[in-house]
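Asker: Okay, predicted coordinates and the sequence, questions at the end:
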Amino acid sequence: MALYRFRVTFEDYDDVIREIDVKSNQTFEDLHRAIHQSTGYNGEFPSSFYISNDQWIKGEEITYLPNQRRIDRGIVLMDKVKLSNRIDDPHQKFYYIFNFDRPFDFHVELLKIILDETPGTEYPAIIKSVGEAPKQFGNIFNPTILPPVSEDFDFLNEMEYSPEDTGEGFSEVVDEDAAEENDEPLEAEDEDEFGGEFSDNEGFEDEGLPHHGDDF
């Protein structure tokens, strides 16, 4: 049985490389599982391979755990397609997206075709592993680890301030340095907010300034 040797790389982490041998009659699901055996990820998330050209332009899709939209479109499932049925080029490329909700993108390239299996080897087989894969959920924002909000922000909440009023003014990740710089304007705003109620303004008329009523 012929073997396909694939090089698998993260699109955003060039120093992480895996080489995997897969039997030509095994499926795209077998390759999917082998990739995550090599990364240590839980592979049970919606994912897809795309038949690609040399520029990694995505073509036909082959999917795993499809959503209803993909089912309605009739996208073929990974466990139904043998690798040999989609390899027409000795350097065939597949663009692979793992976990559409929080994706990692991979480049999968056929390095060579090996005519004979190695006796006693179970396939798919990880032949080469370079670099540590990034954490599976390391790129997810976790609001529970944010530093405590400032007193200024608590004051705004008491005034029924809504973050939605700012449009895109708040980003999901808070820069602590930027937050400190923003404290001073908020304090200045506090002073303006109550400026009309306290004695700072009461002395204006005593300075000989005309009353507002004089203008009418």
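Answerer: Cool, the structure landed.

Asker: can I assume Tyr96 sits in a strand?
Answerer: Yes: according to DSSP: H, G, I helix; E, B strand; the rest coil, Tyr96 belongs to a strand.

Asker: Next one, pLDDT for it please.
Answerer: If you check Tyr96, the pLDDT there is 98.

Asker: so what's it bridging to?
Answerer: Phe49, Phe106 (DSSP bridges).

Asker: contacting residues for it?
Answerer: For Tyr96, the contact set (C-beta atoms under 8 Å, 6 or more residues apart in numbering) comprises Val8, His32, Ile35, Ser47, Ser48, Phe49, Tyr50, Asp105, Phe106, His107, Val108. No exception for glycine: its C-beta is placed from N, CA and C like everyone else's.

Asker: Can you give me the distance of it to Gly120?
Answerer: 29 Å (C-beta to C-beta, to the nearest Å).

Asker: related to what we said a few turns ago, can you flag the buried ones in the contacts of Tyr96?
Answerer: Val8, His32, Ile35, Ser47, Ser48, Phe49, Tyr50, Phe106, His107, Val108 (16 or more other C-beta atoms under 10 Å).

Asker: Quick one: those residues as JSON lines, columns for distance to Pro134 and pLDDT too.
Answerer: Formatted as JSON lines, the buried ones among the contacts of Tyr96 follow (distance: C-beta to C-beta, whole Å; pLDDT from 0 to 100):
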{"residue": "Val8", "distance to Pro134": "14", "pLDDT": "98"}
{"residue": "His32", "distance to Pro134": "18", "pLDDT": "98"}
{"residue": "Ile35", "distance to Pro134": "14", "pLDDT": "98"}
{"residue": "Ser47", "distance to Pro134": "16", "pLDDT": "98"}
{"residue": "Ser48", "distance to Pro134": "20", "pLDDT": "98"}
{"residue": "Phe49", "distance to Pro134": "20", "pLDDT": "98"}
{"residue": "Tyr50", "distance to Pro134": "21", "pLDDT": "98"}
{"residue": "Phe106", "distance to Pro134": "12", "pLDDT": "98"}
{"residue": "His107", "distance to Pro134": "15", "pLDDT": "98"}
{"residue": "Val108", "distance to Pro134": "17", "pLDDT": "98"}
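
Asker: could I get the residues you listed as JSON lines with distance to Arg70?
Answerer: What follows is the buried ones among the contacts of Tyr96, written out as JSON lines (distance: C-beta to C-beta, whole Å):
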{"residue": "Val8", "distance to Arg70": "23"}
{"residue": "His32", "distance to Arg70": "15"}
{"residue": "Ile35", "distance to Arg70": "20"}
{"residue": "Ser47", "distance to Arg70": "11"}
{"residue": "Ser48", "distance to Arg70": "8"}
{"residue": "Phe49", "distance to Arg70": "13"}
{"residue": "Tyr50", "distance to Arg70": "13"}
{"residue": "Phe106", "distance to Arg70": "19"}
{"residue": "His107", "distance to Arg70": "22"}
{"residue": "Val108", "distance to Arg70": "20"}
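
Asker: which one of the residues you listed sits closest to Gly59?
Answerer: When the buried ones among the contacts of Tyr96 are compared for distance to Gly59 (C-beta to C-beta), Tyr50 wins out at 5.9 Å.
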